[in-house]
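Participant: have a look; sequence and predicted model below, questions after that.
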Amino acid sequence: MTNLDTPGSGADAFARHAMVASAFLAPLLVTVSILLSPFDATAEGEAYVRDFTENIGGYALFSWLAVLSAALFLPGLFAVSKVARRGRPTLGLAGMILAFILAVPFGGNSDDVLYAANRAGLDTAVTTRLMDAYVNDLPIALLGSAFFLGLLGLLLLGVAALLGRSAATWAAAALIAAPILLPIPWLAGMGNVVVAVPWLILTAGMGGVALSLLRRPAPSAVTAPAP
């Protein structure tokens, strides 16, 4: 059986290293996709539709990076959660459950709808109405707000890692700061470079915390964890 509590060899070592790599790569790929995005990530409504349509040729790379990031996010979260729960198991478990919301596909991707509408030859006005209905009128549209619960989960994982001293202080601090900063550029309508910065901080936070999975935890962290 694979045991991730202590360093080993073979399958155990491969699993740990793969999870740590995922913790780095999942948010890093989002960062790269935002920086390479040919359209303004924070634009809304008709302005976004027009910008997307004018730069639709760059969407293929953007979408593949997003898919790869999504595939890596779950093992990355497992790595971060494993470390966070070493010192504060209850807090770490709560953070893990909430953070997993980020990896659950509650709905599709509105950009995919825009791409399909463009390929179908729909004009800008119709495409804008279609996207608005897709985002706001679906029966599960309210679940879009669950994203903020996922951010809260990341923050709790960072707090658990910090209080439990199961990861480097800088990494735990980055994991706490990133989910607080992530919504700000979107809500303020800032440029793609600014939008990417919190994701880069999240890369440092998730990856830095996950790195502790490669070292042997203190005996007290395994046998007698704090609540």
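Facilitator: Cool, got the structure. Numbering: from 1, shown residues only.
Participant: contacts only, for Trp186.
Facilitator: Listed by Cβ atoms under 8 Å, 6 or more residues apart in numbering, the contact set of Trp186 reads Ala41, Thr42, Val195. Every C-beta, even on glycine, is put in place using the N, C-alpha and C of the backbone.
Participant: try it again with 6 Å
Facilitator: Thr42 (Cβ atoms under 6 Å, 6 or more residues apart in numbering).
Participant: for the longest helix that the chain contains, enumerate the helices and strands it packs against.
Facilitator: Assignment by DSSP state H gives helix 59-87 as the longest helix of the chain. With contacts taken as 3 or more Cβ pairs under 6 Å, 6 or more residues apart in numbering; DSSP states H and E, helix 59-87 sits against helix 11-36, helix 89-99, helix 146-163, helix 192-210.
Participant: okay, angle between it and helix 89-99 too, please.
Facilitator: Going by axes from the mean of the first three to the mean of the last three Cα atoms, to 10 degrees, helix 59-87 is angled at 160 degrees with respect to helix 89-99.
Participant: buried stuff in helix 59-87?
Facilitator: The neighbour-count check on helix 59-87 (16 or more other Cβ atoms under 10 Å) flags 59, 62, 65-66, 69-70, 72-73, 75-87 as buried.
Participant: now that helix: average pLDDT?
Facilitator: What helix 59-87 shows for mean pLDDT is 91.
Participant: any weak-confidence spans in this structure?
Facilitator: Residue ranges of the chain with pLDDT under 70: 1-9, 106-108, 140-143, 216-227.
Participant: give me that answer again for 90
Facilitator: 1-15, 33-34, 36-67, 70, 87, 101-148, 186-192, 214-227 (pLDDT under 90).
Participant: now the most centrally placed residue in the chain: how far from Leu181?
Facilitator: In the chain, the residue lying closest to the centroid (Cα atoms, centre = their mean) is Pro27, at 5.4 Å. Distance of Pro27 to Leu181, given as Cβ to Cβ, to the nearest Å: 13 Å.
Participant: tell me which residues are up against stretch 159-171.
Facilitator: 83-84, 86-88, 91-92, 95, 172, 205, 208-209, 212.
Participant: the same query, at a cut-off of 7 Å, please.
Facilitator: With contacts defined as Cβ atoms under 7 Å, 6 or more residues apart in numbering, stretch 159-171 is touched by 83-88, 91-92, 95, 172-173, 175-176, 204-205, 208-209, 212, 217, 221, 226.
Participant: could you list the buried residues of that stretch?
Facilitator: Val159, Ala160, Ala161, Leu162, Gly164, Arg165, Ser166, Ala167, Ala171.
Participant: give me the distance between the two termini of that stretch.
Facilitator: Chord length of stretch 159-171, first to last residue, is 11 Å (Cα to Cα, to the nearest Å).
Participant: check the offset of that stretch from the chain's centre.
Facilitator: 19 Å (Cα atoms, centre = their mean, to the nearest Å).
Participant: what does stretch 53-63 give?
Facilitator: 21 Å.
Participant: span of that stretch from start to end?
Facilitator: 15 Å.
Participant: who touches that stretch?
Facilitator: In contact with stretch 53-63 (Cβ under 7 Å, 6+ apart) are residues Ser33, Leu36, Ser37, Pro38, Phe39, Asp111, Tyr115, Asn118, Thr124.
Participant: I'd say Val32 and Leu68 touch.
Facilitator: No - using Cβ atoms under 7 Å, Val32 is not in contact with Leu68; the gap is 10.1 Å.
Participant: grab the nearest non-local neighbour of Leu98.
Facilitator: Gly153 (2.8 Å; Cβ to Cβ, 6 or more residues apart in numbering).
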